[in-house]
Each structure stands twice: as C-alpha cells, then as structure tokens.
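*Asks:* could you look at this predicted model? Sequence included:
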Amino acid sequence: LCGMALDRVVDPDLIVSVNGALLPFGGVAGNLFGPLARLAAGTSLLPRLFSWRARADGHMVRRLIRDTGSRIGGVELEMYERLAKRPGHVAAALAMMAHWDLEALQRDLPRLPVPLTLLIGMRDRAVPPSEARRVRSILPATRIVELPGLGHVAHEEDPATVGEAILAQAAKSVRRD
C-alpha cells in the first residue's frame, strides 16, 4: 500500500501496517532472501515440496508460526495449515515476496504522502520491533503502536486488540479537507 500511495495509485487518509516488512532485511538474510525468494517463485518444485511436508508433518505449520513469535491455535491455526498444504497458495506467497522491492521502498519512504502507523507485535521475530524505529528514522512522522505479548501474526492472536488499535489510529487521522 505504501508503494501504491507513493505512486499516487491510491490516496488513503492513513496507512496502518501490522508487523509489515518495509525495509530490506539486514545481514546475511538480506543478501539471501530476495534471490532465494525469486528462485523459489520461479519453480513449482519448492511449493510442492513445502506443501507435501506440511501434509506429512502435522506440526510444521505450528512450529513456523511459533518461530515468528506468535501463539495461535484453533481455527486460525487450522486455516494456516490448510493454506500450507496447497502448492498454489505457497507459490503465490513466494511470488509476492519475490516481487518485493524493499530497497526502492526504503529510498522512497521519505516522500510518503500519507500518515503511517506501525502496529508492532513486541514478540515478532519475523520483522523485529526494532525495524519500526528504523522506519521512523527515515520517516520521522511515523507513529509506532506497541502490541505487548503479540508476535508476527498479531491480528490472528488478538483480533480485537489489533482492530481497536487500527480504529483508534483511524480516528486520529480523519482528514479535514
């Protein structure tokens, strides 16, 4: 959405990101993530292998979610498990990540024409909370709202809290044109 706002394709009153990856990943992960995602998205083998593994190992998705710092169960976990077992969904997720251009977004963020609020799961291990401060160093008007005890899929862990936080930020950002 930030890219669409920068390109003036959309004109929202506010952008709220829930644990969004807005900056390039640092270190070795940053150097490997993009090329690996593009490679994986370019073949049907990896999505099929991942989905096969998700079907064979009943705990794989639970471990992946847990490794992001989130704790979900019930119907939420069941939905992630269903999606992971579908090679087409896995391929689409990989293609989405392969097309991220976080370097360009980092370069263009200072021109973002709309207020940005980052809802940050303080247990997020996929996009660490420290990334929000990096975003704010590039775009000082960025609001940061901490979500204690929640991980990367905070919206699944506690939808009411995340929804209330979004509504509270929206109420603060109503345009008065």
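*Replies:* Structure received.

*Asks:* and the helix or strand containing Val145, what does it pack against?
*Replies:* If you go by DSSP states H and E, Val145 is part of strand 143-147. Packing partners of strand 143-147 (3 or more C-beta pairs under 8 Å, 6 or more residues apart in numbering; DSSP states H and E): strand 116-121, helix 130-138, helix 159-172. In short, each C-beta sits where N, CA and C put it, glycine included.

*Asks:* how about 6 Å then?
*Replies:* Counting contacts by 3 or more C-beta pairs under 6 Å, 6 or more residues apart in numbering; DSSP states H and E, strand 143-147 packs against strand 116-121.

*Asks:* just the CA coordinates for the helix or strand just after the strand holding Val145, please, in PDB.
*Replies:* Next helix or strand after strand 143-147 toward the C-terminus (DSSP H and E): helix 154-157. C-alpha atoms of helix 154-157 as PDB (Å, rounded to 0.1, in the frame of the first residue of the first chain):
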ATOM      1  CA  ALA A 154      -0.800 -10.400  15.900                       C
ATOM      2  CA  HIS A 155      -4.100  -9.900  14.000                       C
ATOM      3  CA  GLU A 156      -4.700 -13.700  14.400                       C
ATOM      4  CA  GLU A 157      -3.600 -13.900  18.000                       C
END
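
*Asks:* average pLDDT across helix 154-157?
*Replies:* In this model, helix 154-157 carries a mean pLDDT of 95.

*Asks:* quick one: contacts of that helix?
*Replies:* 18, 70, 72, 76, 121, 147, 150, 162 (C-beta atoms under 6 Å, 6 or more residues apart in numbering).

*Asks:* ok, now stretch 65-85?
*Replies:* Here stretch 65-85 makes contact (C-beta under 6 Å, 6+ apart) with 51, 54-55, 61, 89, 123-126, 151-153, 156-157.

*Asks:* out of these, the closest to Ser44 would be?
*Replies:* Distance to Ser44 across the contacts of stretch 65-85 (C-beta to C-beta) is lowest for Ser51, with 10.4 Å.

*Asks:* could you measure from the residue nearest the centre of the chain over to Asp57?
*Replies:* Central residue of the chain (C-alpha atoms, centre = their mean): Gly20, 3.7 Å from the mean position. Counting by C-beta to C-beta, to the nearest Å, the separation of Gly20 from Asp57 is 29 Å.
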